[in-house]
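Student: got a sequence here, can you build the structure:
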Amino acid sequence: YRDLTYTLIAAGDYDGALEAVETAGRIYAAGRFSDEVLSTVSTKALVLFNQGKWEDAGKAIEEGLETYGPEESDPTLLSGCYVGLSVVAAKGADKAGELSNLLKAAGLLDSIRARLSSGDLRQGFQGNEVTVYGAIVEAYRERGEVERSFEYAERSKSRMLVEDLRTADLRRPPVSDSLADEEKVLLDDLRAALTNGPDARATEAERKLKIVWDAMEATSQSPEMREYLSLRRGDTISAAEARLLLGGDGKTGIVEYYILNKRLLIYALTGRDGHLQAFSVDVERPKLEDLNKRLLLALQDPTTDAHSGLAREMSELILAPVSETIRDLEHIHFVPHGVLHGLPIHALQLDGQALLDRHTVSYSQSASVLRFLESKDASTSGALAVGDTTMDLPFARAESLKLAELLGTRAITGSEATKDLLIASLGGRRNVSFSCHARFSADDPLASGIKLAGDEMLTARDWLTLKTSAELISLSACESAVSSERPGDEM
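Tutor: Model (predicted):
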């Protein structure tokens, strides 16, 4: 009967589909198969949606939740039910109900995906969650709650990477040995539990880890401690924190983008008045993606001026709405989203000038990382220039030799560039530069890294265990700043 329901939906026979799915639901209910009952409830709601019976669809979902609630059912099915209720609420112009149900759905999806060991399954949940988070971001904006909208835009990004960092091997925290050892034991327990899928052991380890992290926070408020706990907890920046980072001189601002299906949201925050603004640009995602693709292709041909018109069109979409806000700034920090990560925004024009001709510009994957950039120790000195580590990049070698000359240091190249030597050489260096091969690992992002002598790799996972006070690290390689195109701005 359940299979028949989908056949009838495809044929457009909604009355027949409704009869079939109700029959399937009764059979499942008789056997007390709660998950299957909720599945049929969702399907019944879909049939009623297609018939335009929104209120009936909402009642069907509510009755299903009341009978087979959170204690008995699969969280995935529950999240789908709450998304359905949010759609019903939106149709009834019930904004509060829409948002409330979306928040419930997001919470359930978060808890499920974080406990999945399979990357493919986690990515599937990430795709579902992107839709829910996008709806939350838009719902808060429509309610005029711009700060909450901004915070959920930040919260939606790179959730899988955040979860990987939560249990990854990081450098030892600056706390007592007993507290650090207790955390290590609990992290080992959590990793082991997650390997076999979510269970009570994982839940207990997570509960105890939260207690340990709270104890760490109570012992130290140092920048290093705050950064460590942020990686463990997956904290994201609030609008209030972002405002404090900018100071009150009015010279610096943050511009963050968030792409929805039918519009582009642009958040702008400056230190001038501390007021967070949100601008909405009516442009459908496929059109923005196509424009971006054509512009990047045109930029690759320096013999023509084909890019000019495309660049003006892009500038009208992503810079013109915030032009009054950013015009008098000295420095602009951009936080792109989706395809905009590959776009050289600094090369676009504003008031007839390239942005970089009148402002200094920086970028990051999210605004949340800005909390820790300003706290780096700038008392270090000296430089490290590394190049042509695999002895097949003569121009990379020339680049590192020239940098070493300019920075008053010696370049490390070729067979000398071993992992042990580089790690030992990082300490106390203020500026570090790599000009070499790099490899991006889509299956295991933290295994991405820099190729060294003797087929060694200095991976992202390695960097997490290192302590460096470098103010600037630059990477000149074929696959630096590369990310697979995945839902949720996943790195």
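Student: in the stretch 301-450 of the chain, which spans are strands?
Tutor: Ranges of strands in the stretch 301-450 of the chain, per DSSP state E, counting those that start in this stretch, are 331-335, 349-350, 353-354, 360-363, 383-387, 411-413, 431-435, 438-439, 449-451.
Student: got these as TSV, with mean pLDDT and mean neighbour count columns?
Tutor: Heads up, the C-betas are built off the backbone N, CA and C, glycines and all. TSV is the format used below for those (pLDDT from 0 to 100; neighbours: other CB atoms under 10 Å):
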stretch	mean pLDDT	mean neighbour count
strand 331-335	95	21
strand 349-350	90	16
strand 353-354	91	12
strand 360-363	93	15
strand 383-387	94	25
strand 411-413	95	23
strand 431-435	93	23
strand 438-439	90	17
strand 449-451	93	22
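Student: out of these, the one nearest Arg148 is which?
Tutor: Arg148 sits nearest to strand 331-335 of all the strands of the stretch 301-450 of the chain, at 17.1 Å, using CB to CB.
Student: that older thread, any chance of the strands of the stretch 301-450 of the chain in JSON lines, plus distance to Val146?
Tutor: Shown next, in JSON lines, are those (distance: least, CB to CB, whole Å):
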{"stretch": "strand 331-335", "distance to Val146": "15"}
{"stretch": "strand 349-350", "distance to Val146": "23"}
{"stretch": "strand 353-354", "distance to Val146": "29"}
{"stretch": "strand 360-363", "distance to Val146": "22"}
{"stretch": "strand 383-387", "distance to Val146": "42"}
{"stretch": "strand 411-413", "distance to Val146": "48"}
{"stretch": "strand 431-435", "distance to Val146": "38"}
{"stretch": "strand 438-439", "distance to Val146": "38"}
{"stretch": "strand 449-451", "distance to Val146": "39"}
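Student: in the stretch 1-150 of the chain, which ranges drop under the pLDDT threshold?
Tutor: Within the stretch 1-150 of the chain, the segments meeting pLDDT under 70 span 68-73, 112-129.
Student: after the one helix or strand Glu256 maps to, which helix or strand is next? Please name it.
Tutor: Using DSSP states H and E, Glu256 sits within strand 252-259. Downstream of strand 252-259, the first helix or strand assigned by DSSP H and E is strand 264-270.
Student: per-residue confidence averaged over the following helix or strand past that following strand?
Tutor: For strand 264-270, the succeeding helix or strand toward the C-terminus, using DSSP H and E, is strand 277-281. Average pLDDT, strand 277-281: 96.
Student: show me what counts as buried in strand 277-281.
Tutor: Going by neighbour count (16 or more other CB atoms under 10 Å), the buried part of strand 277-281 is 277-279, 281.
Student: before we move on, what about stretch 414-434?
Tutor: Buried residues in stretch 414-434 (16+ other CB under 10 Å): 417-419, 422, 425-426, 429-434.
Student: cool, stretch 14-33 as well?
Tutor: 14, 16-18, 20-22, 24-25, 28-29.
Student: using PDB, write out every CA atom in the helix or strand where Ala242 lies.
Tutor: Assigned by DSSP H and E, Ala242 belongs to helix 239-246. Only the C-alpha atoms of helix 239-246 are listed here, as PDB (Å, rounded to 0.1, in the frame of the first residue of the first chain):
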ATOM      1  CA  ALA A 239      26.800  39.800  16.500                       C
ATOM      2  CA  ALA A 240      27.800  41.400  19.800                       C
ATOM      3  CA  GLU A 241      31.300  39.700  19.600                       C
ATOM      4  CA  ALA A 242      31.700  40.800  16.000                       C
ATOM      5  CA  ARG A 243      30.900  44.400  17.000                       C
ATOM      6  CA  LEU A 244      33.500  44.400  19.700                       C
ATOM      7  CA  LEU A 245      36.200  43.100  17.300                       C
ATOM      8  CA  LEU A 246      35.700  46.100  15.000                       C
END
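Student: which strands or helices does it pack on?
Tutor: helix 146-155, strand 252-259, strand 264-270, helix 370-373 (3 or more CB pairs under 8 Å, 6 or more residues apart in numbering; DSSP states H and E).
Student: for the first one, which outside residues touch it?
Tutor: The set of residues that contact helix 146-155 without belonging to it, under CB atoms under 8 Å, 6 or more residues apart in numbering, is 133, 136-138, 140-141, 236-240, 242, 256, 258, 265, 267, 276-278, 337, 366-368.
Student: and that helix with strand 331-335, angle?
Tutor: Counting by axes from the mean of the first three to the mean of the last three CA atoms, to 10 degrees, helix 146-155 lies at 60 degrees to strand 331-335.
Student: and helix 146-155, how far out from the chain middle?
Tutor: 12 Å (CA atoms, centre = their mean, to the nearest Å).
Student: do the same with the shortest one
Tutor: From the chain centre to the centre of helix 370-373 is a distance of 16 Å (CA atoms, centre = their mean).
Student: ok, and what's touching that helix?
Tutor: 223, 226-227, 230, 237, 241-242, 245, 254, 333, 364.
Student: buried sites along that helix?
Tutor: Within helix 370-373, judged by 16+ other CB under 10 Å, the buried ones are 370-371.
Student: span of stretch 277-294 from start to end?
Tutor: 30 Å (CA to CA, to the nearest Å).
Student: Val386 reaches Ala438, doesn't it?
Tutor: No - Val386 is beyond contact range of Ala438, at 11.7 Å (criterion: CB atoms under 8 Å).
Student: quick check on the contacts of helix 146-155: which are buried?
Tutor: 133, 136-138, 140-141, 236-239, 242, 256, 258, 265, 267, 276-278, 337, 366-368.
Student: OK, contacts around Met216?
Tutor: 173, 175, 179, 183, 225, 228-229.
Student: from the residues you listed, pick the one nearest Thr219.
Tutor: Val175 (5.6 Å).
Student: quick check: PyMOL command selecting the buried ones in the contacts of helix 370-373.
Tutor: Per 16+ other CB under 10 Å, the buried members of those correspond to this PyMOL selection:
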select buried, resi 227+230+237+242+245+254+333
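Student: for the contacts of helix 370-373, give me a markdown table that also has distance to Asp462.
Tutor: Shown next, in a markdown table, are the contacts of helix 370-373 (distance: CB to CB, whole Å):
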| residue | distance to Asp462 |
| --- | --- |
| Pro223 | 22 |
| Arg226 | 23 |
| Glu227 | 17 |
| Ser230 | 20 |
| Ile237 | 26 |
| Glu241 | 29 |
| Ala242 | 30 |
| Leu245 | 29 |
| Ile254 | 30 |
| His333 | 27 |
| Ser364 | 21 |
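Student: distance check, Leu350 against Asp328.
Tutor: Using CB to CB, to the nearest Å, Leu350 is found at 12 Å from Asp328.
Student: buried set for stretch 310-320?
Tutor: 310-311, 314-315, 317-319.
Student: likewise stretch 172-181?
Tutor: Buried-residue list, stretch 172-181, by 16+ other CB under 10 Å: 173, 175.
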